[in-house]
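Trainee: just the structure for this:
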Amino acid sequence: MALGSLVKTLQNIMRNDAGVNGDAQRIEQMTWLFFLKIYDAKEEEWELYDNDYESVIPEGLRWHSWAVDHLDGKALTGDELLRFVNNELFPTLSGLELGPSAPLRQVVVKAAFTDANNYMKDGILLRQVVNEIDNAVDFTEYKERHAFGEIYETILKDLQSAGNAGEFYTPRAVTDFMAEMLDPKLGESVADFACGTGGFLTSALKLLTPQIKTPADQIAYSNSIYGMEKKQLPYLLCVTNMLLHDIDSPHVFHGNSLDHDIRDYKHQKGGQFDIVLMNPPYGGSEKASIQGNFPTALRSSETADLFLALILYRLKRNGRAAVIIPDGFLFGQDSAKLEIKRRLVEEFNLHTVVRMPQSVFAPYTSITTNILFFDNTDKSDGVWFYRMDMPEGYKHFSKTKPIRDEHFSHVREWWAKRKEIELPDGPKAKRYAVDELAAGGYNFDLCGYPHEEEEILPPDELIRNYRAERTKLDAEIDAKLAQICEILGIEA
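Mentor: Here you go, the predicted structure:
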């Protein structure tokens, strides 16, 4: 079977199962099965190079023991297969007893199944799915394992359009561009504190792979990434992704990065990183106990603000970061946003803001987003803003016409030879001094889009956009009033 059609075949089988409801559940069902098959292939490698290797998975639960159909009529199927999966496989793997010093490659097995689910209720259909997966790819073959990337991208794109599950997927063209601009080197640590399915980590690994020349380089490569993800499905996808990229003991953890006092990281060994690549969750809110992990000036109910504050504490001296944030952060005037923006230019070196066109994340959301590039070297001596316009012939991006790598070619050209670009409708690229930004109340809504087409949006998104627009207008009015009061010598 062609790899590209495997996902569609599996989805079609599961559509006949009454227990599986919607694309997100179908993707989760596929993912834990793929994980077990890939992990089984990796274990074959580990056994080959280590005579003393012992699997953390009991022999009867390893993929080759129960999933492979030898066509002798003995393969588990029907109710027998369902009982095995529901009563033996899941309870055992989620309940593995591991000590504090257990290797990460064992820890990920327990974490992968702790909150996972078998949604299928028809054991015969489950056997069909297992057989399709087992026959599709031989993960012990290097070429086939890497060809699986085609299937993986299909899964991620399906996830993007599977309702709210799409929040975990950043288009590959965007993650590749951001990683390229930060230019990671072997020996540096790369982190994503809300790593989703591992897109940013994968983009960094693609740049690190050609740098491997020696066994020591391979060790550095294996220890180069760190990720944490709060939700089970993207976490499992991320771990599987790392195994496919030959990270045998992925430093990827299932948890909430915000659930720790950030002031501890400056003194904690291993708490800071050379590179941070992120698309923090935005639009959500955090409870008071989470906000208590932050200094008073940085406390916010907005999740994206807290992640930006977290980065300020976890970026090493001379480290560099690229972070996606929504428009609301640029013009936001609440105290936490203002303090973060002040620190970005007065304590860190925010040097570039790339304003991306609307619909980059379509069909999940049409909210306009931006990329902040900054480092922890010195304070900023000025910030470049660059407006990335919609490619010629595009009115908007979509699932069938997504943003592609070549759409960043103009940004790359400008990046190398920066100059201000003035157009009839306003600046497309312009450098602003820190004093200018401070005098403008840290309103970073600069080099924006002058003309935007109206489009019909879902009610919840329409409300979010109206609220964001209202916040923007309030900020502009407050800034104007402050200027007038200053001229008149009146207290604002």
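Trainee: every contact and neighbour count from this point should use C-alpha atoms.
Mentor: Noted.
Trainee: now do the contacts for R105.
Mentor: Neighbour list for R105: 248-250 [criterion: Cα atoms under 8 Å, 6 or more residues apart in numbering].
Trainee: just grab the bridge partners of N349 for me.
Mentor: In this entry, N349 is beta-bridged to D375, by DSSP bridges.
Trainee: let me know the pLDDT of it.
Mentor: N349 is assigned 98 on the pLDDT scale.
Trainee: same question for L457.
Mentor: 62.
Trainee: quick check: D246 is in a helix.
Mentor: No - D246 is assigned coil when assessed by DSSP: H, G, I helix; E, B strand; the rest coil, not a helix.
Trainee: do I have it right that it meets S222?
Mentor: Yes - counting by Cα atoms under 8 Å, D246 does reach S222; the two are 7.5 Å apart.
Trainee: TSV please, covering the contacts of R105 and showing neighbour count, pLDDT and distance to N86.
Mentor: Formatted as TSV, the contacts of R105 follow (neighbours: other Cα atoms under 10 Å; pLDDT from 0 to 100; distance: Cα to Cα, whole Å):
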residue	neighbour count	pLDDT	distance to N86
D248	18	88	27
S249	17	90	27
P250	25	92	27
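Trainee: give me the low-pLDDT residue ranges for the chain?
Mentor: 1-4, 140-150, 152-153, 156-168, 451-458, 461, 492 (pLDDT under 70).
Trainee: rerun that using 80 as the cut-off
Mentor: 1-4, 137-169, 266-267, 283-285, 362-366, 399, 450-476, 478-492 (pLDDT under 80).
Trainee: ranges for the helices of the stretch 301-450 of the chain?
Mentor: 303-314, 327-331, 335-346, 409-416, 434-439 (DSSP state H, counting those that start in this stretch).
Trainee: returning to what we had before: more neighbours: D246 and S222, which one.
Mentor: Remark: of D246 and S222, S222 carries more neighbours, 20 against 17, as counted by other Cα atoms under 10 Å.
Trainee: on that earlier part again, now the helices of the stretch 301-450 of the chain as TSV including mean neighbour count?
Mentor: TSV is the format used below for those (neighbours: other Cα atoms under 10 Å):
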stretch	mean neighbour count
helix 303-314	22
helix 327-331	22
helix 335-346	20
helix 409-416	13
helix 434-439	15
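Trainee: Serialize the ones you listed to CSV and add fields for distance to P184.
Mentor: As requested, those are arranged in CSV below (distance: least, Cα to Cα, whole Å):
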stretch, distance to P184
helix 303-314, 17
helix 327-331, 27
helix 335-346, 21
helix 409-416, 17
helix 434-439, 28
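Trainee: how about those, which one is nearest D217?
Mentor: Closest approach to D217 among the helices of the stretch 301-450 of the chain is made by helix 303-314 (24.6 Å; Cα to Cα).
Trainee: quick check: angle from that closest one to helix 335-346?
Mentor: With axes from the mean of the first three to the mean of the last three Cα atoms, to 10 degrees defining the directions, helix 303-314 sits at 40 degrees from helix 335-346.
Trainee: other SSEs contacting helix 303-314?
Mentor: helix 335-346 (3 or more Cα pairs under 8 Å, 6 or more residues apart in numbering; DSSP states H and E).
Trainee: contacting residues around the helix it packs on?
Mentor: 297-300, 305, 308-309, 329, 332, 350, 374, 379-382, 434, 438, 441-442.
Trainee: that one: how far from the chain's middle?
Mentor: 24 Å (Cα atoms, centre = their mean, to the nearest Å).
Trainee: take that helix, keep the C-alpha atoms, and write them as CSV.
Mentor: The C-alpha trace of helix 335-346 is given here as CSV (Å, rounded to 0.1, in the frame of the first residue of the first chain):
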residue,chain,number,x,y,z
SER,A,335,0.1,45.5,33.2
ALA,A,336,1.6,42.0,32.5
LYS,A,337,1.8,42.6,28.7
LEU,A,338,3.4,46.0,29.2
GLU,A,339,5.9,44.6,31.7
ILE,A,340,6.9,41.7,29.4
LYS,A,341,7.3,44.1,26.4
ARG,A,342,9.4,46.4,28.6
ARG,A,343,11.7,43.6,29.6
LEU,A,344,12.0,42.3,26.1
VAL,A,345,13.6,45.6,25.0
GLU,A,346,15.2,46.8,28.2
